[in-house]
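Asks: sharing a model prediction with you, sequence too.
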Amino acid sequence: MKFMPDMTDRRILRQLLADPAAPMAVLAERAGITPASLWRRLERLREAGVLKGVQARIDWRAMGWEVEVSLRFTLDKTNPRAFDEFLAALREVPEVIEIQSFLGSVDWRASVIARDMAHWQQVYRDRILTLPHIAELEALMLIATIKDSAELPL
Amino acid sequence: MTGLDATDLAILRVLAGDATRSAADAGRAVGIGQPAAWRRIKRLTDQGVIAGRRVVLDPAALGFGVTVFLGIRLAAKGRTSLEEFERAVTAIPEVQLVQHVLGQFDYRLRITARDISDFERILRRRIMTLPGVGQVEANVMLSEERRPGPLG
């Protein structure tokens, strides 16, 4: 049977999303349950694949990667291997930090970072424009991230 | 680069996979002791390289089956309209990501919804009514992966 998170599970996840670094004891108190019960429920949420993990957020700008670009690709769909070959090649680009596929006018999107504009130019010319099966390509250069949360209206 | 060495990058790789690992555990994974690992994690956090934590959930398991990316062009531009738009859009609970961008669109948004009809409700009632909103393009996400990037 498929595991369905109940009201208490949702309350726990809401608290965890609001403050992912909170110690277990604090989280338990906020969710109104005992630490032992919190532990058990988190384990169950992990096992069921609802909670996939808690990861460190890396700030690439603080590491000296000043440029981030969102690239939107439309592929040449006359070739049946286009999707697989494009994805395999895109995964090989070390400056790519995120990949999504879509249903719509855009087929793929990738977030690509570079140290500065000169480096971006190099990545764009040598690694992006050489990807296979691109029909159309648009770039959106990141100015600022205004909101970034994993929040779900639970 | 902010003077990070190979051990720093290895620690970042470990914590980007699982931020709940202790300093001792992360240190063991990269071949250094707990005190050294703790000092490095503290420095990386102070430098802002480790910028908090991200909880990764399976949205579908919680009833959110649809993720849509929107490109939005503002109809009128100017400092006040940007601020007004940003204030209103960040207050929408279904909007997970708001980025100000340069290019064909002014903003890119990531939206989570229960299903397509729920998305339609959000689009009509909340997005199209935002101050200054012009052209909107929507793409429904099929799959997603995060890459290690330069840490790989």
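Replies: That came through fine.

Asks: now do the strands in chain A.
Replies: Here chain A has its strands, by DSSP state E, at A:51-58, A:67-75, A:96-103, A:108-114, A:134-148.

Asks: go on, chain B?
Replies: With DSSP E as the criterion, chain B has strands spanning B:50-57, B:66-74, B:95-102, B:107-113, B:133-146.

Asks: now the ones you listed as CSV including distance to residue B:125, mean pLDDT and mean neighbour count?
Replies: Yep, even glycine has a C-beta here, placed from its N, CA and C like the rest. Formatted as CSV, the strands of chain B follow (distance: least, CB to CB, whole Å; pLDDT from 0 to 100; neighbours: other CB atoms under 10 Å in any protein chain shown):
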stretch, distance to residue B:125, mean pLDDT, mean neighbour count
strand B:50-57, 25, 94, 18
strand B:66-74, 14, 96, 20
strand B:95-102, 13, 97, 19
strand B:107-113, 12, 97, 22
strand B:133-146, 13, 94, 15
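
Asks: reformat those as JSON lines; add distance to chain A.
Replies: Listed next are these as JSON lines, based on distance: least, CB to the nearest CB, whole Å:
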{"stretch": "strand B:50-57", "distance to chain A": "4"}
{"stretch": "strand B:66-74", "distance to chain A": "7"}
{"stretch": "strand B:95-102", "distance to chain A": "4"}
{"stretch": "strand B:107-113", "distance to chain A": "6"}
{"stretch": "strand B:133-146", "distance to chain A": "4"}
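
Asks: so which of the strands of chain A comes closest to residue B:14?
Replies: For residue B:14, the closest of those is strand A:51-58, at 8.7 Å, according to CB to CB.

Asks: any residue of that closest one touching chain B?
Replies: Yes - contact of strand A:51-58 with chain B (CB under 8 Å from any CB of the partner chain) involves A:51-58.

Asks: which one (most neighbours) among these?
Replies: Most neighbours among the residues of strand A:51-58 next to chain B, by other CB atoms under 10 Å in any protein chain shown: residue A:56, with 27 neighbours.

Asks: and that residue, what does it touch?
Replies: For residue A:56, the contact set (CB atoms under 8 Å, 6 or more residues apart in numbering or on different chains) comprises B:12, B:15-16, B:19, B:50, B:52-54.

Asks: measure how buried residue 92 is and give me the count.
Replies: Reading this off chain A. Residue A:92 is flanked by 10 other residues according to other CB under 10 Å.

Asks: my bad, the chain I had in mind was chain B
Replies: When neighbours are counted by other CB under 10 Å, residue B:92 comes out with 18.

Asks: for it, give me phi and psi.
Replies: Torsion angles at residue B:92 (phi, psi; degrees, to the nearest 10) stand at phi -80, psi 120.

Asks: across the sheet, point out what pairs with residue A:139.
Replies: residue A:71 (DSSP bridges).

Asks: report the contact partners of the spatially most central residue of chain B.
Replies: Note on chain B: the residue nearest the mean C-alpha position is residue B:97, at 6.0 Å, using CA atoms, centre = their mean. With contact taken as CB under 8 Å, 6+ apart, residue B:97 is in contact with A:145, A:147-149, B:108-110.

Asks: so which of these comes closest to residue B:126?
Replies: Using CB to CB, residue B:109 comes nearest to residue B:126 of the contacts of residue B:97, at 10.7 Å.
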